[in-house]
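**Student:** sequence-free structure coming up:
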């Protein structure tokens, strides 16, 4: 089996397309990291600036109406891996307690203009590069050799058919995994020296992402092999593989998004009520919208797990702490800080009722002692792994089913002249 | 003879699984896109009208909602539609804000499904799939020699292959277009009208020219090598470069050549403007204390002096506020100018690939994308000074009418008499609604069909140029192709 795998690696290494594909893929991935790194630097600047501005604002406040709490999720270097819905749904909150509902803002997005429309993260680049190279790596393995007549020769040596197929799969996987491993090592070396400073958990998450990418690559190799067993012509198997990729990446995603939304309809009434003047009504409307939005995303994730590209991207979001789970945890923290802040405001206004909104001449500085300090608590790795179980499990199951299907189909394959 | 050859090419496709793909997958996706659009449209229109009503009754001197009707041809291209439906103009604050109406009715990790997406991703691949073996496949089977042995020129032979494949893919698209238009027509919603008919006709024509280019791409790959497998690899390589790499590269290059201020920088600039005017906007508590603590003045004299101080200070604050608004608007316009330069550059160079060129044209024809957004922003820009002048004028009038302003400083003298000093701040007018019937009205003017046709003619010519170039290359290459 290993001999077959090594033969496949040798054959692939000789073909110019593979080297070309990996050169283009490496350039795309490096460009993605570079764009992401610039955006991350900007987000760090903005985060620090906002933190200082909020502190100064609280210290300078002369009336209690003017005191507010800024709560931001610190930018994570893991957004290089996957920018994710967590960023899109808002990572910054202005908490104003009894006077107004908390306001969420999407501070964590770099303003690189046109490039903002590109989903510049490694999850997307790998979805493209590994998908294409996986399909290329396995597309003519069985039907190509069958046409050339070399398949019979290999089987005559007494090698069982399943071993041959699994050897070819292993070879294709190595072809996909070795450049990925090299890129991973390069990324880790860059992160350890000139790149973002990662803590222990973040290193683990980066490694998990590369493991996930290998599994994703394995899926496409298995699919491509399976197609090469069932389809007679190698170009047909290549074409069908590419069409499956395009359908999964470009067509399945909007369909899954739409279906998830239909299952949890948008809170349009709530959207209209959010412009209401009554604070309580507005607060309730915003909460309803948030809940509906979160529900839509959770449903989307379930549906996304059924498509290979979307399953990989969802799992990457979970690993990179940019998933909707992290966003929901952040919202819970915002609510908690708001509750404490309202209690703090009530206590202060009881003691200094005249300083709610009127400034007095010669007054002392505002008493802001005991102001609740928000603290961001990232989800533990175990929670991310629990969330990723569905998309990762689905991806593993699909890969296994494709391999089993390929083995069964290969066992029944007619290699006589009539069959060819 | 040419007709026979075209029929022969059609028959070749009839025997292939690819025809099934062409007839079923493409039209099905287009029908799904139209269905989703219709549901989306109803929700958007409903949300939009609710917000417009809310804005009508709630608009105050702090903000005004400027609506833009939902693009009626969103099923052709929905790109950017959610960014241009409406904007909130806030003279005091940062860049125009897109309000709740922009909330898409589906989760926005998903890209919109529209004609543009289906054609660029599915139909183009379908065209390549139909043609990559048109020549190399015949050569591998040995039938090419038979064909070239007939009394027919090579030019006619290759053109018949192109025509046969193009007919299949064009018929499939027309079938999909008719089916999706039927969905839209039956469901209603105002998408189809005499006004939008020229746009639709132009869109269909452009797509057909684009599909012809993709057919040529497949044939070009086929005449450049001897084996169909190698032809497919080449065709897919070219497709990847033209459909994915070039558009992404142009976008990244646009961002690098025309960089925007970072958000941090933008916020800092707003902060600097606000700081500059902060001193002038603050209420002079010291001056109030100076008057109140004077023992030589009676309470009536104190009040008279405070009133005089208040009038001077409020006039100065009013001027400062107006200047601040203009300065903030300038910061915002700078940013919009940078953004416009970047996106205009990107849009211009999208003509490098027929794929991004088609997207650009379909965006224009469906009032979406940057061209739609740019037109909307232009109109907002023209409207903004009128609104700002109105706000300033209203402030002046209301102050004169009711002496409005917020008591910003309060002090008691030794006798316990209370004195207030009023001032103007952004907060003081935030809650004052615009009186019904007052204020300048913003009316969104959609580009006329004539303007759109003018904009699109250039794109059509570019696309024809791509097709002509590809045809010339294929014809030259096939003239010297080794058919043995």
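**Tutor:** Thanks, I have the structure now. The structure displayed is predicted, hence computed values, not measured ones.

**Student:** which outside residues touch stretch B:116-123?
**Tutor:** Identification of contacts with stretch B:116-123 by C-beta atoms under 8 Å, 6 or more residues apart in numbering or on different chains yields A:246-247, A:250-251, A:254, B:25-26, B:29-30, B:33, B:76-77, B:79, B:111, B:169, B:172-173, B:176, B:207, B:210-211, B:214, B:243, B:355, B:358-359, B:362-363. To be clear about C-beta, it is placed using only N, CA and C from the backbone, and glycine gets the same treatment.

**Student:** before we move on, what about stretch A:381-399?
**Tutor:** A:201, A:204-205, A:208, A:212, A:215-216, A:218-219, A:222, A:301-302, A:304-306, A:308, A:311-312, A:314-315, A:318-319, A:321, A:323, A:325.

**Student:** how about the residue in chain B that sits furthest from its center?
**Tutor:** Within chain B, residue B:296 marks the point farthest from the mean C-alpha position, 67.6 Å out by C-alpha atoms, centre = their mean.

**Student:** any idea whether it is helix, strand or coil?
**Tutor:** Following DSSP: H, G, I helix; E, B strand; the rest coil, we place residue B:296 in the coil state.

**Student:** so what's the gap between stretch B:295-314 and the chain middle?
**Tutor:** 56 Å (C-alpha atoms, centre = their mean, to the nearest Å).

**Student:** in the stretch 351-484 of chain B, which residue sits nearest chain A?
**Tutor:** residue B:411 (4.3 Å; C-beta to the nearest C-beta).

**Student:** which of the helices and strands in chain A ranks last by mean pLDDT?
**Tutor:** helix A:268-273 (a mean of 58; mean pLDDT, DSSP states H and E).

**Student:** cool, and chain B?
**Tutor:** Scanning chain B with mean pLDDT, DSSP H and E, the lowest is helix B:426-430, at a mean of 47.

**Student:** helix or strand next in line after that one, which one?
**Tutor:** helix B:449-479 (DSSP states H and E).

**Student:** helices and strands around that next one, which ones?
**Tutor:** Judged by 3 or more C-beta pairs under 8 Å, 6 or more residues apart in numbering or on different chains; DSSP states H and E, the packing partners of helix B:449-479 are helix B:154-187, helix B:197-224, helix B:354-365.

**Student:** hang on, the earlier thing: buried ones among the contacts of stretch A:381-399?
**Tutor:** Applying 16 or more other C-beta atoms under 10 Å in any protein chain shown to the contacts of stretch A:381-399, the neighbour count classes A:205, A:208, A:212, A:215-216, A:218-219, A:222, A:301, A:304-305, A:308, A:311-312, A:314-315, A:318-319, A:321, A:323, A:325 as buried.

**Student:** neighbours around residue 324, how many?
**Tutor:** Going with chain A. The local packing of residue A:324 (other C-beta atoms under 10 Å in any protein chain shown) involves 26 other residues.

**Student:** try chain B instead
**Tutor:** Residue B:324 has 21 nearby residues by other C-beta under 10 Å.

**Student:** mind checking the SS state of the residue sitting nearest the centre point of chain A?
**Tutor:** For chain A, residue A:317 is the residue whose C-alpha lies nearest the centre (C-alpha atoms, centre = their mean; 2.7 Å). Put simply, residue A:317 is helix when judged by three-state DSSP.

**Student:** test my guess that it contacts residue A:84.
**Tutor:** Yes. Between residue A:317 and residue A:84 there is a contact under C-beta atoms under 8 Å: 4.1 Å.

**Student:** between the two, which contacts overlap?
**Tutor:** The contact sets of residue A:317 and residue A:84 overlap at residue A:323 (C-beta under 8 Å, 6+ apart).

**Student:** quick one, what contacts residue B:450?
**Tutor:** Residue B:450 neighbours (C-beta under 8 Å, 6+ apart): none.

**Student:** just residue B:458 next, same as before
**Tutor:** Applying C-beta under 8 Å, 6+ apart, no residues qualify as near residue B:458.

**Student:** ok, now how distant is residue B:225 from residue B:135?
**Tutor:** Separation of residue B:225 from residue B:135 (C-beta to C-beta, to the nearest Å): 9 Å.

**Student:** just residue B:226 next, same as before
**Tutor:** 9 Å.

**Student:** of the two, who's got more company?
**Tutor:** residue B:135 (30 against 15).

**Student:** per-residue pLDDT, residue 90?
**Tutor:** Here I'm looking at chain A. At residue A:90, the model reports a pLDDT of 61.

**Student:** not quite, go with chain B.
**Tutor:** For residue B:90, the pLDDT comes out at 54.
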